[in-house]
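Undergrad: what's the 3D shape of this:
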Amino acid sequence: GTAGSAPVVRQALDELGIGPGDLATVVVTHIHLDHAGGVGDIAEMYPGAEVVVHEKGARHLASPERLMRSARMVWGDKLDVLFGELKPTEASRIRAVEDTGVVDLGGGRRLESYYSPGHAKHHVGLMDSQTGDLYVGDAAGVYLPETQDLRPATPPPDFDLETALASLRKFGELGPQRLLFAHYGPVTEVDDTLERSAEELRIWVDAVKDARGMGMDLDHAVAMVRDRVQERYKYAQEGTDPELAAKYEVLSGVESNVAGIMHALDRQAR
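TA: Numbering: from 1, shown residues only. Next up is the predicted model:
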């Protein structure tokens, strides 16, 4: 979670009887600030914990200055309110994993990591060997349990459609019992949900392609895509809690999604 969420995590662990010397491992799906912004704080609170991250994100946890500069360019003053500051973690405490990795949870139970780029080039999915639960991070999009809406998360600069679809296929091949969305919660309809995730990605990319083909700039493309897709989602319908729409706009806002897809299309064209 964010830097602001670190005290909440500590309180929850305290209530479970897990003290500063008890936590063995912290694993992040990827280093975006809503997922890993609190890692440095947690590392300070639990000095014996190892931090596991994909190798392409490891250097940013050790030296987060570049990541924070980039985030501040995107978010401006909102950064401090939404995410806070990612503090550095000692490099000696970071374990980088490659395409696959294993965290030993004891008693024969493992947390197995699987490289799953597309949303981010440093993204991993995490499978619990005992329960069959798969922590999907943001690779399958953003799910709102209140309305059962599922929307893609395609921010710049790393989004790539084919890579993202390949990661979804990999998730399906793992045969998970449930998908655990970081945003938000468990889903038991695994195959249908992964198919929905792929369909949503294609629909959004097709919409942005159309806007780009008309020569639209980002602002006009955002307006067109919003008009085209909003009828797909219950949260956008009249009478629904407006806080749900606001939540989506922070987590996978139309502007962020369209900008990420535009960036990918421009990269392909070059």
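Undergrad: what about Gly40, how many neighbours?
TA: Residues lying near Gly40 (other CB atoms under 10 Å) number 21. C-beta: built from backbone N, CA, C; applies to glycine.
Undergrad: Buried residues of stretch 197-216, list them for me.
TA: 197-198, 200-201, 204-205, 207-208, 211-212, 216 (16 or more other CB atoms under 10 Å).
Undergrad: same question but for stretch 166-178, I mixed them up
TA: 167-168, 171-172, 176, 178.
Undergrad: can you tell me which of those are in strands?
TA: Arg178 (DSSP state E).
Undergrad: From the buried residues of stretch 197-216, which land in helices?
TA: Judged by DSSP state H, those include 197-198, 200-201, 204-205, 207-208, 211-212 as members of helices.
Undergrad: Would you enumerate the residues in contact with the nearest residue to Ala166 once chain neighbours are set aside?
TA: Leaving out its chain neighbours, the residue that sits closest to Ala166 by CB to CB, 6 or more residues apart in numbering is Gly118, at 7.1 Å. By CB atoms under 8 Å, 6 or more residues apart in numbering, the contact set of Gly118 is 139, 158-161, 163-168.
Undergrad: What ranges in the protein fall below the confidence cut-off?
TA: Within the chain, no stretch falls below the threshold (pLDDT under 70).
Undergrad: So Leu262 sits against Asp219, correct?
TA: Heads up, residue 262 is Met, not Leu. No: using CB atoms under 8 Å, Met262 makes no contact with Asp219, being 11.4 Å away.
Undergrad: counting contacts, what elements does the helix or strand where Glu162 lies pack onto?
TA: In the assignment (DSSP states H and E), Glu162 maps to helix 161-173. When contacts are defined as 3 or more CB pairs under 8 Å, 6 or more residues apart in numbering; DSSP states H and E, helix 161-173 sits against strand 124-128, helix 190-213.
Undergrad: Of these, which is nearest Lys234?
TA: helix 190-213 (13.4 Å; CB to CB).
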